[in-house]
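1. Sequence plus predicted model, see below.
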Amino acid sequence: MKKVTAFAPATVANVSCGFDILGFAVDGLGDKVTVSFNDKEEVRVTHIEGDQGKLPKAIEKNTCGVAVTAMLKDLGFNGGLDIALYKGLPLGSGMGSSAASAVAALVATNRLLGNPLEKAALLPYAIEAERVACGAGHADNVSPALLGGFVLIREYHPLDVIPLNVPRGLYCTLVHPHLVINTADSRSVLRKNVTLKDATIQSGNIAGLVAGLYQEDMGLISRSLNDVIAEPSRSILIPGYDEVKEAIKKAGALGCGISGSGPTIFILSPKEEIAWEVSQISQKVFEKIGLDIDVYVSAINTRGAYVIEEKK
Ligand code: HSE
């Protein structure tokens, strides 16, 4: 039976100053989805592993189901399809879990159908899945999950997604405290209005970060990792955040921020050695607090989602 399996990586959305408009992909961690035709003429999520029974299988609630259904509708495909989801990412972690599932499902389905769509054309369907999963169709996880690297969403309507440069040597540490923060809740704590002063500071940092990525200027990247819009409201939900932020700078990291809507903290370092050192520093901070964490050290993933297995 014809079957395709695709992988999509974990992602860090916002990257501090770029709320809803910046994201990057990390190596190693991610979700896998296998799709195959069925003779039932319906799209079904038939199997989910690694979610501790927490994800819905209903097609209109599952991010894979939503994304694939929307894509098939546009393609005018009326046949049936089975979707099996293998979660590698923890739910509610801020590492782009819902995005990775939707993107892997779309990439696998596109290949199963003989690649009718360009990779980037899959994005609107993944955004629709995010809208269903967390109430907001943000693209800063799905874009890097699909395309890899750093990505800027310059505009949502119409969608204008710009892949950015990935500086050589840049490394990421992800510190995942064992707390669950769901994105809809984490968005609800945000202030609805931004002052002119904060808008000016934030714009300067976004521009600085993009320039720093292109110039491969680690100092400029470091100075630009500053968020005056979301972090002040959200960091309160993450014990140990301020301590980690202070400690990692002393060790030579470029800076840190909340990964997406949290609770994962991402730390950027100018080389791998420092990325490992700050992982240990973070571990010590959380040991003191008495909160379990998982830590991952990774290069920036420049490949994005891809097909890992195909049975004809
Ligand atoms: N930009 C989104 C947010 C990312 O911060 O709510 C969620 O992972």
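-> Received it, and whenever you're ready, just let me know what you need.
2. does the residue of the stretch 151-300 of the chain found nearest the ligand belong to a helix or a strand, and which?
-> Residue of the stretch 151-300 of the chain nearest the ligand, by CB to the nearest ligand atom: G260 (2.6 Å). Every C-beta, even on glycine, is put in place using the N, C-alpha and C of the backbone. Assessed by DSSP states H and E, G260 sits outside every helix and strand.
3. what's it sitting at in phi/psi?
-> Main-chain dihedrals, G260, degrees, to the nearest 10: phi 60, psi -130.
4. I'd assumed G94 was in contact with it.
-> Yes. With contact defined as CB atoms under 8 Å, G260 and G94 form a contacting pair (4.1 Å).
5. Find residues that contact each of those two.
-> Common neighbours of G260 and G94 (criterion: CB atoms under 8 Å, 6 or more residues apart in numbering): A13.
6. Next one: G169 from E272, what distance?
-> The gap separating G169 from E272 is 8 Å, by CB to CB, to the nearest Å.
7. where in the stretch 101-250 of the chain is pLDDT low?
-> Counting by pLDDT under 70, the stretch 101-250 of the chain contains no low-confidence segment.
8. near the ligand, which residues of it?
-> 138, 140-141, 183, 186-187 (CB under 6 Å from any ligand atom).
9. switch to 8 Å and redo it
-> 134, 136, 138, 140-141, 183, 186-187, 190, 230, 234 (CB under 8 Å from any ligand atom).
10. Select from the residues you listed the one having the most neighbours.
-> N141 (34 neighbours; other CB atoms under 10 Å).
11. ok, that residue touching G96?
-> Yes. With contacts counted by CB under 8 Å, N141 reaches G96, the gap being 3.6 Å.
12. Give me the residues contacting stretch 65-77.
-> Residues contacting stretch 65-77 (CB under 8 Å, 6+ apart): 35, 43, 45, 57-60, 78, 81, 83, 102-103, 105-106, 109-110, 113, 116-117, 122, 124-126, 128-129, 132-133.
13. Find residues that contact each of N141 and G96.
-> 11, 13, 23, 260.
14. and A6, which of the three is it?
-> strand (DSSP: H, G, I helix; E, B strand; the rest coil).
15. Contact partners for it?
-> A6 sits in contact with 32-33, 104-105, 107-108, 111, 305-308, where contact means CB under 8 Å, 6+ apart.
16. got CSV for these, with neighbour count and distance to Q52 too?
-> Shown next, in CSV, are these (neighbours: other CB atoms under 10 Å; distance: CB to CB, whole Å):
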residue, neighbour count, distance to Q52
K32, 22, 17
V33, 29, 18
A104, 35, 19
A105, 36, 20
V107, 28, 25
A108, 31, 23
R111, 16, 29
A305, 32, 24
Y306, 15, 27
V307, 16, 27
I308, 14, 24
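17. among those residues, which are in helices?
-> Counting by DSSP state H, the part of the contacts of A6 found in helices is 104-105, 107-108, 111.
18. I'd like the distance between the residue of the stretch 151-300 of the chain closest to the ligand and L112.
-> From G260 to L112 the distance is 29 Å (CB to CB).
19. what about those two, which has more around it?
-> G260 (30 against 20).
20. Can you say which helix or strand has D82 in it?
-> strand 80-86.
21. again, but for A100
-> Going by DSSP H and E, A100 is part of helix 97-112.
22. what angle separates the helix or strand following that helix from helix 97-112?
-> Per DSSP H and E, helix 97-112 leads on to helix 123-134 as the next helix or strand towards the C-terminus. Relative orientation of helix 123-134 and helix 97-112, computed by axes from the mean of the first three to the mean of the last three CA atoms, to 10 degrees: 140 degrees.
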